[in-house]
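Trainee: this one's sequence-less:
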């Protein structure tokens, strides 16, 4: 647990430093902090998976790979939302940028977009992970496949 907290503190410091380095505005600080918060579910799952009691119970579970893919999809979507709030919409003190984005995503078309994006990422992330593990050494693999998935999906959202 301690290593996870230290890791999260370091992630928060890095994203805050990057935001302040580029421009000390509320918009970039929101981007940095939301990007750091997007890694919390991943850190919690890694910490829970490292516990011997849980590891012994879920080692051969049929649903584990689907759960990991779904959590990866949610992580990528959280990073996309952080980028949209930090760069595309103006982050204001009254929260009007976030409210406008949520009002668009709460429509029928927004829910279809989120559902389609989640299903697409749920299918593609295990493929990207297997490609990555077959090509790269293990310690560099996890950040690489998440980065590739995030970039591919962000490119598709812009086009």
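Mentor: Sure thing, it's come through. Predicted model, so just to flag it, every value in this text is computed and none were measured.
Trainee: Looking at this structure, which helix is longest?
Mentor: helix 108-135 (DSSP state H).
Trainee: Okay, buried residues for that one please.
Mentor: Within helix 108-135, the residues scored as buried using 16 or more other Cβ atoms under 10 Å are 117, 121-122, 124-126, 128-129, 132. For every residue, glycine as well, the C-beta is placed using N, CA and C.
Trainee: Make sure residue 54 is actually in contact with residue 47.
Mentor: No - when contacts are counted by Cβ atoms under 8 Å, residue 54 is not listed as touching residue 47 (9.7 Å).
Trainee: ok, those two, which is more surrounded?
Mentor: More neighbours surround residue 47 than the other of residue 54 and residue 47, with 16 against 12 (other Cβ atoms under 10 Å).
Trainee: Which secondary structure element is home to the more buried one?
Mentor: With the criterion set as DSSP states H and E, the secondary-structure element containing residue 47 is helix 40-50.
Trainee: helices or strands next to the next helix or strand after that helix in the packing?
Mentor: Following the chain from helix 40-50 toward its C-terminal end, the next helix or strand by DSSP H and E is helix 52-58. With contacts defined as 3 or more Cβ pairs under 8 Å, 6 or more residues apart in numbering; DSSP states H and E, helix 52-58 has these neighbours: helix 40-50.
Trainee: Please list the outside residues in contact with the helix it packs on.
Mentor: 1, 4, 7-8, 54-55, 58, 68, 71, 74-75, 78 (Cβ atoms under 8 Å, 6 or more residues apart in numbering).
Trainee: how does it look with 10 Å?
Mentor: Residues outside helix 40-50 that contact it (Cβ atoms under 10 Å, 6 or more residues apart in numbering): 1-5, 7-8, 11, 54-55, 58-59, 64, 67-68, 71-72, 74-75, 78, 142, 146.
Trainee: buried stuff in that helix?
Mentor: Buried positions in helix 40-50, judged by neighbour count with 16+ other Cβ under 10 Å: 42, 47.
Trainee: Can you give the distance of stretch 120-132 from its chain's centre?
Mentor: Between the centre of stretch 120-132 and the centre of its chain there are 14 Å (Cα atoms, centre = their mean, to the nearest Å).
Trainee: Then stretch 73-89?
Mentor: Centroid separation for stretch 73-89 versus its chain: 8 Å, with Cα atoms, centre = their mean.
Trainee: Could I get the buried residue list for it?
Mentor: Of the residues in stretch 73-89, those buried by neighbour count under the rule 16+ other Cβ under 10 Å are 73-86, 89.
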